[in-house]
Each structure stands twice: as structure tokens, then as C-alpha cells.
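Enquirer: Everything below, folded, please.
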Amino acid sequence: MALPVSRPAALADENVPRGIGLMLTTTLFFVLIDTCGKHLMEQMSLAQVVWARFFFHFLAVIILLSPKLHRVWRTERPVLQIFRSALLLITTFLFFAGIRELPLAMASSIMFLSPILVTALSVPVLKEKLGPRRTIGVFVGLIGALIIVRPGLGEVPLAALYFVAAAVTNAFYQLTTRMLRETDDAFTTLFYTALVGTVLASTAAPTDWLAPTSFDWVVMTLMGVCGALGHFTLIQAFRSAPPSALMPFAYSGLVWATLFGFLFFANLPDGYTVLGAAIIAGSGFYIFRREQQLAREARTAGGG
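Expert: Presented below is the predicted three-dimensional model:
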């Protein structure tokens, strides 16, 4: 899931129930992307599935943002926008490569490492300070990932490492998103995410193209539309309610992933995956609450 977008300074009245509903909808859209991708990977090439995810995402974004396209294409940091979008493309490649073999619940659980890694990487990248309690939170989250992957025990395929690598690239993607919030509108970033991903993916897809069926085209379109709608509802969620009210509901993605994994692929997470996911979710929520507390303390000190 993408990092929450910044909220505008001049904010309309908050509507927390609406924001929670939008966040739940966002997680549903993101897991639908994963579900469509896992289905398509059963009979199509990796490059082709990634292309479909971005191409139809781009078409949906053009429709969603058509009234403001004359503004959203302007960016003050084009190089960073391109780099950020390339990171998402790499993340998508890694994620879909792994999801061909492993259950949705395991994939989603490991990907929730990203917010924890953002906390760790913000020290060298953004020069932020990491206190002892947040450091403990990071290590606890990594322990949760190790429980899921269980390295050296031979029970989980090496494909799980794709998700670990995807969580790392996704963390850098989120960090660049945080950097762009200082200069570019959220819809500008949404536009470039789709545009750059489509251009880059289009260079690889023709080299490994397999003729899709009519149903495949429907699933490919659905995957891209869910991508655009998911990012759009995420933006609207954080315009409706503060992050502290919405963050716990981001982990509903684990529920969706478990449900869809069972309904569509007859997969249920084992006990290790459930335990590791609970540790990662708890660690991520603890770190988030700690950052919110530090932000409040900083504002109080500044006001005093």
C-alpha cells in the first residue's frame, strides 16, 4: 500500500467514518490487484501482467483526472517522480514474480514490512532520528517476517524472498512519496505513477507476449482500474480523516488477502504466517502511534 498522502492545510470538516470507509475500500482494491495478478500469472508472462497492471491503471487515471489534466502533469521534481515510479514498477515485478507460487496472505503479510522499513531507512535517507522504542519496533517487525519466511527450514520456497525484496523497494518508494509531498500535488504523483510505469512496462511486454483470452482481458482491465481507484480512494481517505484514525484499518488488507486466497485459490495461511502477520501488524501500529506521539510533543514544544 502506498504511503498516506499529506493533507491540505486548508482542510474541510473532518468525516472520520467516511475516511474509514474509504480506507477499507482502498485495501479491498489493492488486494483485488494482487488477486487478479495471481490469476493472470497462471497463464501469462510476468512482463505482460505487469504491463496490464500499469496500462489499464493509466487509462483509468486519465478518465478520473480528465477535468484537471491541464494541471496535474506539472511537477517541480520530474526526476524524482520518474525514479519513484520506477521503484513501484520494480516492486510490482518482484511481487508478481513471487505471487505465482505463494499464497496471497503470505505475500500481503510480508509486504506490511514496508512501513517498518520506512522507519529504519528514514535515518540514512531523510536524516531523521530513530529512538530506542522505534528501533525495538523495527526489530520486532523483522522478527515477524522471519517467522513467516522461516529461512533455512526448507518449508517455504525461495519465492518468499521476492516479497522481502519487494518490501524493501516499496519502502524506498514510500520514502520518495514522502519527499514529493513537499512539492507536488497528490494527483500529480498519481498521474506520474501510472504514466511512467506504463512507458517502462511497455518496453518489456512485447518480448514475452502470450495471446490473452477474452476473460484475461477483463481481468487485466479490472486489475488496472482497481489500481487507479485504490490510489484515488486512498487520497480521499486522508482528506477525510487524520492518519491516526485510519492507520489501524490499513491492516484489513490481511483479512481480504486471506479471504480471497481461500475463495479463489483454496489457500489458507498456516500458523506461522498468522503469527508473523500479527507481529508485523502490531509492530507497525506501535511505530505509527509512537511517531504520532512524537509529532504531538514537537508541536506542543513549539507552541510553548
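
Enquirer: and Q293, how many neighbours?
Expert: Neighbour count of Q293, defined by other CB atoms under 10 Å: 12. Bear in mind the C-beta positions are built from the backbone N, C-alpha and C, glycine included.

Enquirer: do D208 as well
Expert: Per other CB under 10 Å, the neighbour tally for D208 reads 12.

Enquirer: Next, the contact list for it, please.
Expert: Applying CB atoms under 8 Å, 6 or more residues apart in numbering to D208 gives the contacts S45, L46, A47, Q48.

Enquirer: try F56
Expert: F56 makes contact with M220, T221, M223, G224, V225, G227, according to CB under 8 Å, 6+ apart.

Enquirer: Now restrict these to buried residues only.
Expert: M220, T221, M223, G224, V225, G227 (16 or more other CB atoms under 10 Å).

Enquirer: wait, isn't the last one in contact with A60?
Expert: Yes - using CB atoms under 8 Å, G227 is in contact with A60, at 7.4 Å.

Enquirer: hey, what's in contact with both of these two?
Expert: What both G227 and A60 touch, as defined by CB under 8 Å, 6+ apart, is the set A194.

Enquirer: What mean pLDDT does whichever strand or helix holds T300 get?
Expert: Using DSSP states H and E, T300 sits within helix 271-303. Helix 271-303 carries an average pLDDT of 79.

Enquirer: Which strands or helices does that helix pack on?
Expert: Here helix 271-303 touches helix 104-111, helix 114-126, helix 132-149, helix 243-250, going by 3 or more CB pairs under 8 Å, 6 or more residues apart in numbering; DSSP states H and E.

Enquirer: Kindly tell me how buried the residue nearest to L40 when sequence neighbours are not counted is, as a neighbour count.
Expert: Excluding its sequence neighbours, the residue lying closest to L40 (CB to CB, 6 or more residues apart in numbering) is V49, at 4.6 Å. Number of residues near V49 (other CB under 10 Å) recorded here: 30.

Enquirer: Equivalent analysis for L65, please.
Expert: The number of residues near L65, taken as other CB under 10 Å, comes to 19.

Enquirer: do the same with F139
Expert: 12.

Enquirer: same check, this time on E76
Expert: E76 has 11 neighbours, counted by other CB under 10 Å.

Enquirer: Equivalent analysis for A245, please.
Expert: A245: 17 surrounding residues under other CB under 10 Å.

Enquirer: so what's it closest to, chain neighbours aside?
Expert: In space, A245 is closest to V16, 5.1 Å off (CB to CB, 6+ apart).

Enquirer: got a list of what that neighbour touches?
Expert: When contacts are counted by CB under 8 Å, 6+ apart, V16 touches S240, A241, P242, A245.

Enquirer: and it, how far is that from I82?
Expert: Here V16 is placed at a distance of 36 Å from I82 (CB to CB, to the nearest Å).

Enquirer: Which two among the contacts of D208 are spaced furthest apart?
Expert: Greatest spatial distance among the contacts of D208 (CB to CB): L46 and Q48, at 7.2 Å.

Enquirer: residues touching E14, list them.
Expert: So E14 contacts S240, A241, P242 (CB under 8 Å, 6+ apart).

Enquirer: Over to W209?
Expert: Going by CB under 8 Å, 6+ apart, W209 touches S45, Q48.
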